[in-house]
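Enquirer: Predicted model follows, preceded by the sequence.
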Amino acid sequence: MHDDPFRDGPLELDLPLFPLGTVVFPGALLPLQIFELRYLQMVGACERQGTDFGVVTLTSGREVHRPGQEERFEAIGTRMRLLQVERPQAGLLHIWCRALDRFEVLIPQRRADGLWHGQVRMLEPEPAVPVPEHLCYLSRQMTHALERLGREALAPEPWPQPWQPDDCGWLSHRWGELLPLPAALKYRLFALREPLLRLELVGDMVSPEKPGQTASGKSSSP
C-alpha cells in the first residue's frame, strides 16, 4: 500500500535516483531492463518496502557505470512507482513503472555501492488549465494518436483512461513524451512549471494545417 503524504503540499524526502539518458514526463509508462547490482538492489528494496524511486536525466556519463566515469544529471526529476516486475533469469529484471510527479534534487549523494540518493523537494502539482481554442487541434491530434497506438493490447497499459485532452498539463506532457525531440529540448519542456506555456511551445512545433507535421515541415507524429 502506497501513501502520498506530500500530496497536500511540498515535502522533502530521500529518494534513490536512477540517472537515465531520457526525460520521463508525469503519467508516462517506463519499461526498463535492470542488470546492474545497484539497481537490482534498489528495485528489490522498493518492492519489499512499497516505496518509489526517482528518474533524473543524465547530462554527462553513461547509464551503465564504468570505473572512473563521473555521472551528472539535471536537477528536476520524476518520481516513479513500480507496476510490474518480471525475473526472466538470475541477475536480470524487466520492470514497468509509472511516472507520478516531479521533484527538485536539493542534495545528491552517491553511496559506496554506486547508487545515487537525493534529498529532494516535491514540486507542487500543476493547476488544471483548459486548452485554449487556438490549441484545440493538439487535443484532436493527440487523441487520434493514442487511439491508434492503443489498438495493440499491452500490459501494463501505456496510456490508461481517463485521458485528459482538454487539460494543458496532461496534453503537453503527452506531446513531450511522444514527440521525437532531443533530450535537452524535452527537458526544457519538462522543467517548465506553466502548463499553458509548455503547450504553446508544443504548438510552435506542431502544425495545425497538416496533422503530424511540425512548423518546419518535418514529421512530428507521435
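Expert: Now that the structure is in, tell me what you want to look at.
Enquirer: Longest strand of the chain, counting residues only.
Expert: strand 92-110 (DSSP state E).
Enquirer: Within the sheet, what are the partner strands of that strand, with directions?
Expert: Using DSSP bridges, the strands paired with strand 92-110 are strand 29-34 (antiparallel), strand 76-89 (antiparallel), strand 116-122 (antiparallel).
Enquirer: most packed of the ones you listed?
Expert: Highest mean neighbour count of the strands paired with strand 92-110: strand 116-122, a mean of 20 (counted as mean count of other C-beta atoms under 10 Å). C-betas here are computed from N, CA, C, even on glycine.
Enquirer: Who are the packing partners of the helix or strand following it?
Expert: The first helix or strand that comes after strand 116-122 along the chain, using DSSP states H and E, is helix 136-149. The elements that helix 136-149 packs onto, with contact taken as 3 or more C-beta pairs under 8 Å, 6 or more residues apart in numbering; DSSP states H and E, are helix 168-178, helix 195-205.
Enquirer: Adding mean neighbour count, write these out as TSV.
Expert: Formatted as TSV, these follow (neighbours: other C-beta atoms under 10 Å):
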stretch	mean neighbour count
helix 168-178	24
helix 195-205	19
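Enquirer: Out of these, which gets nearest to S139?
Expert: Among these, helix 168-178 comes nearest to S139, with 6.0 Å by C-beta to C-beta.
Enquirer: pull the CA atoms of that closest one into PDB?
Expert: C-alpha atoms of helix 168-178 as PDB (Å, rounded to 0.1, in the frame of the first residue of the first chain):
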ATOM      1  CA  CYS A 168      -2.900  21.800 -20.800                       C
ATOM      2  CA  GLY A 169      -0.700  19.900 -18.300                       C
ATOM      3  CA  TRP A 170      -1.800  16.400 -19.300                       C
ATOM      4  CA  LEU A 171      -1.800  17.200 -23.000                       C
ATOM      5  CA  SER A 172       1.600  18.900 -23.000                       C
ATOM      6  CA  HIS A 173       3.100  16.000 -21.100                       C
ATOM      7  CA  ARG A 174       1.800  13.500 -23.700                       C
ATOM      8  CA  TRP A 175       3.200  15.600 -26.600                       C
ATOM      9  CA  GLY A 176       6.500  16.000 -24.700                       C
ATOM     10  CA  GLU A 177       6.600  12.200 -24.200                       C
ATOM     11  CA  LEU A 178       5.900  11.300 -27.800                       C
END
